[in-house]
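>>> Coordinates for the following, if possible.
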Amino acid sequence: MRNLRRYSVSWERQMPGRAAARADMGFTLVEMMIALIILVFGLLTAGQMIYASLRSESLARSKGGAALVAQTKLEFLSDLYSQNPAAPELTLGSHSEQVQQLNPAVGNVLNRFDVTWMVAAVPDPRPTFTLKAVRVTVTVTPITAANARNYKAGLNKIVTVTSIFSLRAS
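Residues are numbered from 1 along each chain as shown. Below you'll find the predicted structure:
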């Protein structure tokens with residue numbers, strides 16, 4: 001029996017423990033499953049972030065297009081007011097038209113908008129004076145090809161811009 005003990009003791013000295021022998025063998029199935037679960041949750045989170053950024057970019061493009069249309073209409077009306085303040089487009093009340101944004105490279109329609117503008121008199125706080133100015137509010141609403149309001153989630157934002165036009169005193 002003594003010889004057997006000496007043999008096992010010398011064997012343990014050559015192999016310094018069972019844990020060291022297991023470490024050389026690789027990962028266990030449980031460790032691999034845990035690593036895969038962590039990887040899957042990480043990829044799902046990254047996928048949601050990519051989807052959110054694409055949706056945000058699409059909304060920014062739509063709102064940028066609507067803002068460009070509103071600015072262009074406001075500049076047109078301002079120029080028209082300086083040339084002819086009595087133009088039909090500048091009579092007091094509400095006016096509207098539909099506008100399409102075209103892709104300059106291909107010529108296809110990028111966006112369709114319903115453009116409305118409200119022209120109102122600017123009140124003067126002094127009781128006996130009348131201002132020769134108008135307040136113009138331009139509202140741009142995205143619409144579909146069938147001229148219905150665009151109810152796509154995240155793309156149906158309305159842009160409104162207001163300005164006051166007055167003639168220069170000479």
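>>> Show the contacting residues for residue 109.
100-103, 145 (Cβ atoms under 8 Å, 6 or more residues apart in numbering). Any C-beta I mention is one placed from the backbone N, CA and C, and that applies to glycine too.
>>> Repeat that for residue 159.
63, 66-67, 69-70, 139-140.
>>> what do you get if the cut-off is 6 Å, keeping everything else the same?
Neighbour list for residue 159: 66-67, 70, 140 [criterion: Cβ atoms under 6 Å, 6 or more residues apart in numbering].
>>> Now do the SS call for residue 71.
helix (DSSP: H, G, I helix; E, B strand; the rest coil).
>>> so where does the closest residue to it other than its chain neighbours fall, helix or strand?
Nearest non-adjacent residue to residue 71, counting by Cβ to Cβ, 6 or more residues apart in numbering: residue 161, 6.8 Å away. Using DSSP states H and E, residue 161 sits within strand 159-166.
>>> Partner strands of that strand and their direction?
strand 133-143 (antiparallel) (DSSP bridges).
>>> Report the buried residues of the partner strand.
Using 16 or more other Cβ atoms under 10 Å as the test for burial, strand 133-143 gives 134, 136-143.
>>> give me the number of residues near residue 69?
By the measure other Cβ atoms under 10 Å, the count of residues near residue 69 is 21.
>>> And the furthest pair within the contacts of residue 159?
67 and 140 (7.6 Å; Cβ to Cβ).
>>> Quick one: residues contacting residue 81.
90, 165.
>>> how far off strand 133-143 does the helix or strand hosting it point, in degrees?
Per DSSP H and E, residue 81 falls inside helix 29-83. If you take axes from the mean of the first three to the mean of the last three Cα atoms, to 10 degrees, helix 29-83 sits at 140 degrees to strand 133-143.
>>> Many thanks, I have nothing further to ask.
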